[in-house]
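S.K.: test case, fold it:
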Amino acid sequence: MMKRLIVPGVSGSEAQHWQSWLQQVLPDAERVEQQNWHQPILQQWVGQLVKALQQQNKPVQIVAHSFGCLTSIAALKQHPELASAVDSLILVAPANPERFSSTGLRQSGQASIAEFLPNALAGTSLPVPSLLIASQTDPWLDFESAKALASQWQSALVDLGNAGHINVASGFGAWPQLLPYLDLIRSGSSPFASSPVRPSLNHNPRMRDLTPVQQFQFSRSF
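M.R.: This is a model prediction of the structure:
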C-alpha cells in the first residue's frame, strides 16, 4: 500500500479537517509536524518536510493543503535529490505565495517568498506526477492564478467550483470523493492519457481540457 505523507497548512489542520480524516482512514498515513503551526516560515517548514522524507524507506505520496503545498513544492525544487522519495503530489488549494514573506505572513513593505525564493516556487515542471485541486472561490488563491501554477508545474488540474479554501470552513471534513484521485495520479499510471474517464470515476460530471493542463470538473455532492 502506498504511504501518504500529509502536509497541512497554517494552523495544522484541526480534527474536523479533511486531512485529519484522511489520516484516520488511511492506515499508513503520517503527518509532517511543524515547530510552530501559526508561524509559516517557508524554510523552517521545508526543513521539517525534508527530515520526514529522509526517514522514508520507500517512495511516498505527499498530500498537501494551502501553505503545505508551497512547502512541498519548495522542498522538491530545493532538494532535487529527494524526488526519488516522492511518488506523486496532491496539492489542494495552494496558498498564494504573494501572501507570505520569508518570516511568515507578509506585512506591508516586505518582499514575498515568490520574490525572495523565485526558483523555489516557479519555473520548471515538478520532477514527479502532480495533481492540483483548486476552487473558483478560494480567498487564498484566485482560480486564474491556480491555473497558472498548474501550468508552470505541469500539474493536472481539478476545478471544484464554489469550494472556498477547501477546508473545514467551506464544508470539507470527511471527503471520500478525494480517494480515487490519490490513486489516479500515482507514478507509473497514466490517468490523463487517451481516456480521462476511469470506471471508478464514471459518476463524475463533464470533463474538459485546458491546454496545456487537463482540467477535471467534479462535485462534492455525488
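
S.K.: tell me, what residue is most central in this protein?
M.R.: Leu91 (1.3 Å; C-alpha atoms, centre = their mean).

S.K.: correct me if wrong: that residue contacts Val128.
M.R.: No: the criterion here is C-beta atoms under 8 Å, and Leu91 misses it with Val128 at 11.3 Å. C-beta coordinates here come from the backbone N, C-alpha and C atoms, glycine included.

S.K.: which parts of this structure are helices?
M.R.: With DSSP state H, the ranges of helices along the chain come out as 18-25, 42-54, 67-78, 113-116, 118-121, 143-153, 179-184.

S.K.: okay, and the helix or strand of the chain with the least pLDDT?
M.R.: Within the chain, confidence by mean pLDDT, DSSP states H and E is lowest for strand 207-210 among all helices and strands, at a mean of 29.

S.K.: can you name the residues that contact Glu144?
M.R.: With contacts defined as C-beta atoms under 8 Å, 6 or more residues apart in numbering, Glu144 has no neighbours.

S.K.: and Thr124, by the same measure?
M.R.: Here Thr124 is in contact with Lys77 (criterion: C-beta under 8 Å, 6+ apart).

S.K.: mind checking how far it is from Pro180?
M.R.: For Thr124, the distance to Pro180 equals 29 Å [C-beta to C-beta, to the nearest Å].

S.K.: now the residue nearest to the centre of the chain: how far from Trp18?
M.R.: Taken as C-beta to C-beta, the span from Leu91 to Trp18 is 14 Å.

S.K.: Ser88 too?
M.R.: Counting by C-beta to C-beta, the gap from Ser88 to Trp18 is 18 Å.

S.K.: per-residue pLDDT of the residue of the chain positioned farthest from its centre, please?
M.R.: Each residue of the chain has a distance to the centre, and by C-alpha atoms, centre = their mean the biggest one is for Gly109: 28.2 Å. Here, the pLDDT recorded for Gly109 equals 80.

S.K.: for Thr211, same thing?
M.R.: On the pLDDT scale, Thr211 gets 29.

S.K.: same question for the one 10 residues further on.
M.R.: Ser221 is assigned a pLDDT of 31 by the prediction.

S.K.: next one: Val50
M.R.: Note on Val50: pLDDT of 98.

S.K.: what separation do you get for it and Met1?
M.R.: Distance from Val50 to Met1, by C-beta to C-beta: 24 Å.

S.K.: more neighbours, those two?
M.R.: More neighbours surround Val50 than the other of Val50 and Met1, with 19 against 6 (other C-beta atoms under 10 Å).

S.K.: and the nearest residue to Gln56 once chain neighbours are set aside, how many neighbours?
M.R.: Leaving aside its chain neighbours, Gln56 sits nearest to Ala85 (5.4 Å; criterion: C-beta to C-beta, 6 or more residues apart in numbering). Residues lying near Ala85 (other C-beta under 10 Å) number 21.

S.K.: going forward can the numbers begin at 4, since that is how I track them
M.R.: Noted, 4 is the first residue going forward, which turns the last one into Ala88.

S.K.: could you list the low-pLDDT ranges of the protein?
M.R.: Counting by pLDDT under 70, the chain contains low-confidence ranges at 119-123, 125-126, 190-225.
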